[in-house]
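A.B. asks: Take this sequence and fold it.
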Amino acid sequence: MIVLLTGDDQHTIQEQLNQYKAEIDAQWLTLCYHRFPADRLDQAISVARTRSLTGGKKLVIVENCHLKQWGDTELETLQQLVQVPEFTILVFVATNVDKRLKIYKHIVKYAKLFEFPLIPPWRTDLIEKAISTQAKKIKLVLSKGAVEYLAEAIGNDMTRAATELRKLYIYGNGRQLELAEVKELVPCQTQNSLQLASAIRQGESNQVLHLLDDLLSRSEPLMVIVATLLTQFRTWLWVKSVIVSGIKKDSELAQLCSISNPNRIYYLRQEVPNTSINALAKAVTMMLDLEMSIKRGAESNDLLLIILSVSRLFKLT
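C.D. replies: Coordinates of the predicted model:
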C-alpha cells in the first residue's frame, strides 16, 4: 500500500502514522519500521521494494516531501513504485503539495491521497467538534461549557488539545468535568495575532494591551504579528467594501475578495457590519507603514504605540 499524507494538521498526520506503525509486529520493529528524509528517496524506495524478512508488513515513511525539491532523477526513481510489494506500507508525508507537478501526478497514480488541513482558527464550531471527538475517544466526559472553553483556550492546536485532554481524563477519573474545574487545569494560552486584530477592530484598548503583552512575552516575532494583522485588516476592508458596493451572494463576495473558502464569508459578515470602512482603510495604511518601520529596525515600543493608535480609530466610530 502506498499513501500520500498532506496538510498542516501535524497531530492528525502523526496519529495516522501511529496507526500504520501499530500494524507492524512489535518484536520486528527494528527490521520492519523505517523513516527517511526526502533527500534519501532512493534509499527509501530501495527498502520499500524489498520484501520483509519476517513475511509480515513493513512500514517505510518518507518525511518532508513537499515534492518541489525533487526533479527528473527522483521522478525516475519513483517509476519503481509499481514494484512495491503488497505488504509494504510506503508513506509520503508533506505539509503541502503542488498538484500541478509531474511528480505529484505520478505518485497519486499509485498512492491513496489523504489530506489533513488544520482547522481555521475562526471555525470555533469545528474546533469544538474536534475536541469533543478526541474526548470521546479516550472516554473523557466534559460539559458543553467545558468544551466551549477548551476551544477558546487551545484554539486549533490539536497537539496541545490531545495533551490537555489526557490530563483532564486522569484528573476526572471517569466523572464529568465542569467548566470551573477545566478552567483551573487548562490555562488560556491562545492569545494570538487574530485575537489581537479583533480587539483592535472593536477598539478595546485594555484587551489590546493584554494580548500584545502576552504575544511579546512569548517572543512572537514582530514581523509575524504585523503580517497577520495586515492580512486580517485587508480582508475586513475588502469584505466591507464589497458589501457596501451591494454584492450579496457569498460566492461572489468570496471571489472578489480572493477568499478561497466561501464558508468563511459568513463569519466575516458578522465581524464588519458596524465597522467604519474609513477606519479600516486608515488601519491598513498604518499597518503598512508599521511593517516598513519594523523592516528598518523598529522595536516593540513602536509596535505598541502604532497598534494603540489603530485601536483608537475604531473606538471613535
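
A.B. asks: where do the helices sit along the stretch 51-200 of the chain?
C.D. replies: Assigned by DSSP state H, counting those that start in this stretch, the helices in the stretch 51-200 of the chain fall at 72-77, 102-110, 124-137, 144-154, 158-172, 179-185, 193-201.

A.B. asks: For the second one, list every residue counted as buried.
C.D. replies: Same thing as helix 102-110. Of all the residues in helix 102-110, those buried under the rule 16 or more other Cβ atoms under 10 Å are Ile103, Tyr104, His106, Ile107. Just so you know, the C-beta spots here come from the backbone N, C-alpha and C atoms, and that holds for glycine as well.

A.B. asks: Go through the residues you listed and name the one nearest Pro120.
C.D. replies: Nearest to Pro120, judged by Cβ to Cβ, of the buried residues of helix 102-110 is Tyr104 at 24.1 Å.

A.B. asks: what would the buried residues of helix 102-110 look like in JSON lines with pLDDT and distance to Ile154?
C.D. replies: Converted to JSON lines, the buried residues of helix 102-110 look like this (pLDDT from 0 to 100; distance: Cβ to Cβ, whole Å):
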{"residue": "Ile103", "pLDDT": "91", "distance to Ile154": "36"}
{"residue": "Tyr104", "pLDDT": "92", "distance to Ile154": "33"}
{"residue": "His106", "pLDDT": "93", "distance to Ile154": "39"}
{"residue": "Ile107", "pLDDT": "93", "distance to Ile154": "34"}
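
A.B. asks: and Leu290, what helix or strand is that in?
C.D. replies: helix 277-295 (DSSP states H and E).

A.B. asks: which other helices and strands contact that helix?
C.D. replies: helix 222-244, helix 300-315 (3 or more Cβ pairs under 8 Å, 6 or more residues apart in numbering; DSSP states H and E).

A.B. asks: which one of those lies closest to Glu291?
C.D. replies: Per Cβ to Cβ, nearest to Glu291 of the helices and strands packed on helix 277-295: helix 222-244, 5.1 Å.

A.B. asks: what angle separates the closest one from helix 300-315?
C.D. replies: Interaxial angle, helix 222-244 versus helix 300-315 (axes from the mean of the first three to the mean of the last three Cα atoms, to 10 degrees): 20 degrees.

A.B. asks: C-terminal to helix 222-244, what's the next element?
C.D. replies: Using DSSP H and E, the helix or strand that follows helix 222-244 in sequence is helix 250-256.

A.B. asks: ok, so what distance separates Glu63 from Thr73?
C.D. replies: 19 Å (Cβ to Cβ, to the nearest Å).

A.B. asks: Which one's more surrounded, the two?
C.D. replies: Glu63 (15 against 10; other Cβ atoms under 10 Å).

A.B. asks: tell me which residues form a beta bridge with that one?
C.D. replies: Beta-bridge pairing for Glu63 (DSSP bridges): Pro37.

A.B. asks: out of the buried residues of helix 102-110, what pair is the most spread apart?
C.D. replies: Every pair of the buried residues of helix 102-110 checked by Cβ to Cβ; the farthest is Tyr104 and His106, at 7.3 Å.

A.B. asks: Tell me who's in contact with the closest residue to Ile107 other than its chain neighbours.
C.D. replies: With Cβ to Cβ, 6 or more residues apart in numbering as the criterion, Ile107 has its nearest non-adjacent residue at 5.8 Å, and that residue is Leu4. The contact partners of Leu4, taken as Cβ atoms under 8 Å, 6 or more residues apart in numbering, are Val91, Phe92, Ala94, Val97, Ile107, Val108, Ala111, Lys112, Leu113, Phe114.

A.B. asks: try 10 Å
C.D. replies: Neighbour list for Leu4: 62, 65, 67, 90-94, 97, 104, 107-108, 110-115 [criterion: Cβ atoms under 10 Å, 6 or more residues apart in numbering].

A.B. asks: what touches both of Tyr104 and His106?
C.D. replies: The contact sets of Tyr104 and His106 overlap at Leu67 (Cβ under 10 Å, 6+ apart).

A.B. asks: before we move on, the earlier item: which of the contacts of Leu4 are buried?
C.D. replies: For the contacts of Leu4, buried by 16+ other Cβ under 10 Å: Val62, Cys65, Leu67, Leu90, Val91, Phe92, Val93, Ala94, Val97, Tyr104, Ile107, Ala111.

A.B. asks: among these, which are in strands?
C.D. replies: Among the buried ones among the contacts of Leu4, the members falling in strands (DSSP state E) are Val62, Leu90, Val91, Phe92, Val93, Ala94.

A.B. asks: any idea how far Ile24 is from the fourth one?
C.D. replies: Computed as Cβ to Cβ, the Phe92 to Ile24 distance reads 18 Å.

A.B. asks: One more: the first one?
C.D. replies: Using Cβ to Cβ, Val62 is found at 17 Å from Ile24.

A.B. asks: Once you drop chain neighbours, what's closest to Leu31?
C.D. replies: Leu53 (5.9 Å).
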